[in-house]
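Engineer: I'd like to go over a predicted model; first the sequence, then the structure.
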Amino acid sequence: MSAMFRRVLAGLFVTFLVTAPLRAATLLDLTAGFYRIEAEVAYTDESRQIGLMNRPKMPPGHGMLFVFDRAATHCMWMKNTLLPLSVAFLDDKGRILNIEDMQPQTENNHCATQPAKYALEMNLGWFQSHGIGPGTALGGIERAPAARR
């Protein structure tokens, strides 16, 4: 590998490290009972399609909130997602409808059992280990940005 190629590659890597946080989605503080969740918000078509793909880990108490343009029986899958997740489907008021556990790098559909306006992905087992289940309302959902194309 030439010295010039290594410098260009290093420059690209540094550019990625510097600009990656700038490309991150909006963050939103949510509550589930007594627990605080720092949620990255996926509210555009592109951010919803990418989701948590290719990320090797997610800190405890963090998640990703998917905001859809309308309530429907949305489904999630785990293609190119490296970490096991639990997803809670939420109605338009932020009330949990159902929770599904999802394994990494699978293409199985995990769907809302009723029309959902939001989906919140957390590390696998987070909802269960915190005693959060269907019927629980998340606080702060009203501050989520509207879905965009």
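Structural biologist: Done, it's in.
Engineer: Now stretch 86-99: buried residues?
Structural biologist: Using 16 or more other Cβ atoms under 10 Å as the burial criterion, the residues of stretch 86-99 that qualify are 86-91, 94-99. Placement of C-beta: from N, CA and C, glycine included.
Engineer: Send me the helix or strand that residue 118 is a member of as CSV with only the CA atoms.
Structural biologist: With the criterion set as DSSP states H and E, the secondary-structure element containing residue 118 is strand 116-123. Extracted as CSV, the C-alpha positions of strand 116-123 are listed here (Å, rounded to 0.1, in the frame of the first residue of the first chain):
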residue,chain,number,x,y,z
ALA,A,116,-49.1,1.9,15.6
LYS,A,117,-47.7,5.5,15.0
TYR,A,118,-44.3,4.8,16.6
ALA,A,119,-41.9,1.9,17.3
LEU,A,120,-39.2,2.1,20.0
GLU,A,121,-36.2,-0.3,19.7
MET,A,122,-34.2,-1.0,22.8
ASN,A,123,-31.5,-3.5,23.7
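Engineer: in its sheet, what does that strand sit against?
Structural biologist: Counting by DSSP bridges, the strands paired with strand 116-123 are strand 62-72 (antiparallel), strand 85-90 (antiparallel).
Engineer: Which element is encountered next along the chain beyond the shortest one?
Structural biologist: This points to strand 85-90. Per DSSP H and E, strand 85-90 leads on to strand 96-102 as the next helix or strand towards the C-terminus.
Engineer: picking up where we left off before, tell me which of the strands paired with strand 116-123 sits most buried.
Structural biologist: Mean neighbour counts were taken over these using mean count of other Cβ atoms under 10 Å, and the top value, a mean of 26, falls to strand 85-90.
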